[in-house]
Every structure is written in structure tokens, then in C-alpha cells.
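Trainee: please find the sequence and the predicted model below.
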Amino acid sequence: MRRRKIKISINGKEIMCFTGQTVLDVARRNGLKIPSLCFHPDLEASGGCRLCLISVKDRKGFFTACSTKVEEGMVIVSDSPEIRKLRKVNLEMLFAQHVESCRDCMRSYNCRLLALAGEYDLDLSKFDDRKKNYPVLQFGPAILFKSEKCIDCRNCVEVCKKQGVEFLEVEEHDSFMEVAPSKKKNKDCIYCGQCIAHCPVAAFEEADSIKEVEAALKDKKSFVVFQFAPSIRVSIGEEFGMPYGTVVTDKLIGAIRQLGAKRIFDVSFAADVTTIEEASELIERVKQGKKLPMFTSCCPAWVKFVEFYYPKFISRLTSVRSPQIIMGGIIKKYVAEKEKIDPKKIIVVSVMPCTSKKYEITRKELQLQGLNPVDFVLTTHELACLLKSRDIDLNFVQGGKLDQILGDPSGAGVIYGASGGVTESALRTAIRKLTGRKNARINFKKVRGMEEVKEATVNLGGVPLRVAVVNGLGNARDILEKLKKEPKLYDYVEIMACFGGCIGGGGQPVPTSREIRAKRAKGLYKIDEKKQIRLADDNPAVQELYKNFLKNKEITHKICHTKYFPKKKEKVKIIKK
């Protein structure tokens, strides 16, 4: 239906807006504050917390701004003594469900619930010991569910359903309902962390790796090496009050250096290696017409989704390891040898945008002679907490530079952080390899953007290559179901578990939204545009790596390739009963 322009009034201010918009959306777009907690723009509004109450002239009762659509001539009040009283009561009811553990909470630096308690002058001491016997659960090595903090907004259930996973569900216990992990054998967590990104009260958190990393940094026998993912440079600034999408690469390096890291590398460099290997595999598969479409495999949540829910498609996954694992292998083999360091003493810490990377580093098939390529993963948010605990503020950090044992990444490596970036990087190299043209096409704008499913047909050296780029596993499920019926629908499919790709990962700063993710992506593409080297295979440092280290198929296979296997449901670990 076509939207019409209409006029409404909020708190005496006349506003022009469009039919189909909600009162909350209109208010926020016009700088008017209406408090909310459970509302998230990625999900359907439920009005569960009832903090965004409004009244409408000539209508009885009160309504939730997040779910009330605007109408011509509406006269709305969002702030009155009665509304504030009702909000305070509703807020008290929320706190009656939520155990405050602010000292241990990873969102204590940015807690909307605590801010609202201050605004409405709540006495939190009267809510002690409400849910002290509720359990703390751990899903694999990645996610904690502190059910004592849950306020039953069910955002986690909705986003898990939207992801096509449905591991989180609502259980009925006599007279009450609660969120719980599914006991069904055909439902399992894939560690995408979207429950964390969409929980307004930090009932879900990443499994904390900060203490282990701090211990490694203090251990004089350890040689601690940090590496950071492409998307971190355009998201971590938000944790320090910077505008969305601000590029802070140099400041990030300087801050990590202050933590005591011996060496710092950019995972985007390993993304260049991933691109070269993946482009070669794609060309080979297209030539042979076998195992198509080829699926990307750098997102471990997506890989587990295939292994658990769609094991018949495992052979379609590219054998290329993810950039963080390739980089870890390069560090513990090539860098260790070059600098004469015992690889057993090297501790590799990855800074990643997602929680599933914590799971990825535990996969035994990725080990190199008994060593894990990566030892610990900190999410963007965890690194920000670690920096803040050391009084390191990115706003005032002097910029640093990468250690040049390896080198800088190309623009193609940097855009891995956005949905479509892996595809664009691979296409740049694949077309160059097939045509041999130095001026081969570089920009593939049809695979960019925040749309959840993007399709394009690309001329790959005279062969039409049908490409799909997908973000969000609910959409991935749709694609896989289509491929069951039409196996030749696509030749190459990029799938990222999180909305917008890594820029919307479960370990990224909150809040997040389509608009915020778009700004982060824009920051990455700006870096790419300014780079002199924009193709992975043009990177002289990568060329040197292949010449001096990845010089034969045997070594390249060990460092850059792997296999995948069907997975069974994993047990949920009870941390506290």
C-alpha cells in the first residue's frame, strides 16, 4: 500500500509523517524522547515492557508507542504525571524480575534499564533476592544465559526464530512461562549471538575471556599476539562515544599496544589469503561443474548451521579456513619461524565481532601439530571493557601501526566485514585470474547493501556466474530449501549468520539497527576506496608470503584448508543451579 503524508501532534508539536509509521518511530525521527526497553527495530514490536506508554485524544486508555500506528490528525501525549506514574509501576515490575548484578555485568557501562531506574527514581534495594535460584546456562564455549536477569520480553526467542534456529523457546511451568533452551534433539544453538545483540537487559552475554587474556598478558613466559577482524575498526569507537562507522584503525592498534601485546596483526591480511584460495577453488568448481553452488565458510555460525541442520549440503562449503584461523596458523608457523619464537609460547588473541568465533577456535580439525591456531577470542565489546578497565580511552589514544613482519591488507580484505564483501573480494580476484586483465572490474555494487538477500549474475571470464549474498540464517534456510528444488539456481553463495554480516555480529556494540549497520559498512567501503591496492592478489606482502611460506600445495593445504562434518546436538552446561 502506498504511504500517504499526514499530520499529527505529539506533546503539542505538529509533525508531518507517513502512514504505516509507528508513534515511537515518528517521535525518535523528530528528536522527541519516549522511553522504551524491549523494542528493537529488527523485530516486530510486542509492547511487552509497556514503558513507551502514550495517550491519544478521544481514545480511552493508554497505548504503546512502539506498536501504535499514526493516523491523520492524531493528538498524542507521551509525558504526563499519570503516564510517568504508570511507567514507574511498569519499571518496578521489570525490576521485580531482573536480578541486578551490575558489578559483574558486561553492559554496566551502557545499561538502559539502570538509566531508566535513575530517571524514574526507583529504590532498587527493595527488589533483592527475587530470582536468586534461577540457573546460569552456557551454550557451548560462546554464550551465557543468566536467566535470573531475564524480564520475559522474548526478544531472544523472536530473533532466534527469525534466524531459523528456534533453539530458544518459551516453556510453560504451571502458572508461569519462562525462556529456556530447547530440549528437542533437532534444535541446537549455532552461537551467532543475536540473542545478545537483541537482549535489552544483558540476560545473554558472551562467555567471558577477559580474565584469561589478562593472565596471558601478565605471564612473562607468554608471547601475546593480537589480531583484529575487519569490522572492529568501524565499530569499537561506538563504545567510546564516537559516531557510528568511525574508522579507528590506528587508535585501535595504539590501544592494544598499551595492553602489552608483543605483536599486532590485521585479520584483513589473512582475508586476502582466503580470497586467493577461495577464488581458485571457485574457478576449479565452475570449470568442473561440480559441487555447485559453492558456499562461503568464514562464518562459523553458518558452518555449524549447515553441519547440524543441513548436513547434505556440507560438500558445498568451500574448504578454505576462515581468515582468523588462517592468520593464527601464519602467526604460529611463519612468524614464529621468522622471529625464532617457540610457537608453544605464542598466545594468539583474536578480536572478533561475533561469539561464534569463540566456538570456531575449539574445533580440533583446525589444529596444527596439536596447537590451536588461535587461543582466545575477545568480542568487540569485551575488548572495549578490557580497555576501560585499564583507563584506556580510544578518544585520547595515540595511533599506532601494524607490525610489518607480514604487511598491510588490501581493500578487498577490509570489506570482508560487510555482507557481500567476501563475494566482491573473490570476484575481483577470480575475474583477474580468468581474464588476465590488469584493469578487470573491481566494484560489484549489486552485492553490497543491507538487503537480507541480494542476487547478481556476473560475467566470469565469459561464463555467467549466478551469485547470491545472504545475511541472517532465516534467509539462509529459505535459500537452502530453494536449492533442494532447484540445485542449479546459483553457482556461488555467500552466507553470514548475522544481519548485515560481521558488522552486525553478536559481539558488536549495542544498540544496533539497520541504519547503524549501514554506517559501519560505509566506513569499510571508504577504506577500500582509499586503498592503493584493492585486489588480494595484488598485495605485495601476500605475494611474498606465498613465495616464502605458502610455496607448495602441502603447506598451503595445512594452513588454509579444512574439512567439515555433521554435528550432533551439544549439551547445555549448567554454570549455576
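Mentor: Here it is on my side, so go on. Numbers count the residues shown, from 1 in each chain.

Trainee: longest helix anywhere in the protein?
Mentor: Counting by DSSP state H, the longest helix found in the chain is helix 267-288.

Trainee: verify the stated contact: Ser67 with Ser46.
Mentor: Yes - with contact defined as C-beta atoms under 8 Å, Ser67 reaches Ser46; the gap is 7.3 Å. (Glycine included, C-beta is placed from N, CA and C.)

Trainee: could you name the helices and strands sitting against the helix or strand just after the longest helix of the chain?
Mentor: Beyond helix 267-288 in the direction of the C-terminus, DSSP states H and E gives the next helix or strand as strand 294-295. With contacts defined as 3 or more C-beta pairs under 8 Å, 6 or more residues apart in numbering; DSSP states H and E, the packing partners of strand 294-295 are helix 267-288, strand 492-496.

Trainee: the shortest one: what's the following helix or strand?
Mentor: For strand 492-496, the succeeding helix or strand toward the C-terminus, using DSSP H and E, is helix 514-530.

Trainee: for that next one, buried residues please.
Mentor: For helix 514-530, a neighbour-count test (16 or more other C-beta atoms under 10 Å) marks Ile516, Arg517, Ala518, Lys519, Arg520, Ala521, Lys522, Gly523, Leu524, Tyr525, Ile527, Asp528 as buried.

Trainee: next: stretch 137-146.
Mentor: Across stretch 137-146, burial judged by 16+ other C-beta under 10 Å covers Leu137, Phe139, Gly140, Pro141, Ala142, Ile143, Leu144, Phe145, Lys146.

Trainee: quote the end-to-end distance of that stretch.
Mentor: 6 Å (C-alpha to C-alpha, to the nearest Å).

Trainee: tell me the buried residues in the worst-scoring helix or strand of the chain on mean pLDDT?
Mentor: One helix or strand of the chain scores below all others by mean pLDDT, DSSP states H and E: helix 112-119, with a mean of 82. Neighbour counts over helix 112-119 (16+ other C-beta under 10 Å) mark Arg112, Leu113, Leu114, Leu116, Ala117 as buried.

Trainee: farthest pair in the residues you listed?
Mentor: Put simply, by C-beta to C-beta the two of the buried residues of helix 112-119 set farthest apart are Arg112 and Ala117, 9.8 Å from each other.

Trainee: which non-adjacent residue is nearest Glu119?
Mentor: Using C-beta to C-beta, 6 or more residues apart in numbering and skipping the chain neighbours, the partner closest in space to Glu119 is Pro35 (7.5 Å).

Trainee: now do Cys298
Mentor: Cys298 sits nearest to Ser322 (C-beta to C-beta, 6+ apart), 4.2 Å away.

Trainee: tell me the contacts of that neighbour?
Mentor: Ser322 makes contacts with Thr274, Ser297, Cys298, Cys299, Pro300, Glu360, as judged by C-beta atoms under 8 Å, 6 or more residues apart in numbering.

Trainee: now do 10 Å
Mentor: Neighbouring residues of Ser322 by C-beta atoms under 10 Å, 6 or more residues apart in numbering: 229, 267, 270-271, 274, 296-300, 303, 328, 352, 357, 360-361, 366, 373-374, 416, 562.

Trainee: repeat for Val470
Mentor: 295-296, 302, 419-420, 451-455, 476-480, 493-497, 501.

Trainee: check Ser280 too.
Mentor: Val320, Ala426, Thr429, Ala430, Lys433, Asp537, Thr556.

Trainee: what about the strands in the stretch 201-350 of the chain?
Mentor: Listed in chain order, the strands of the stretch 201-350 of the chain (DSSP state E, counting those that start in this stretch) span 204-206, 223-228, 263-266, 294-295, 346-352.

Trainee: how many residues are close by Lys357?
Mentor: Applying other C-beta atoms under 10 Å, we find 29 other residues in the vicinity of Lys357.

Trainee: what's the helix or strand where Ala541 lies packed up against?
Mentor: Assigned by DSSP H and E, Ala541 belongs to helix 540-548. Taking 3 or more C-beta pairs under 10 Å, 6 or more residues apart in numbering; DSSP states H and E as contact, the helices and strands that helix 540-548 lies on are helix 267-288, helix 553-560.

Trainee: dump those helices to JSON lines, plus distance to Asn133 and mean pLDDT.
Mentor: What follows is the helices and strands packed on helix 540-548, written out as JSON lines (distance: least, C-beta to C-beta, whole Å; pLDDT from 0 to 100):
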{"stretch": "helix 267-288", "distance to Asn133": "42", "mean pLDDT": "95"}
{"stretch": "helix 553-560", "distance to Asn133": "49", "mean pLDDT": "95"}
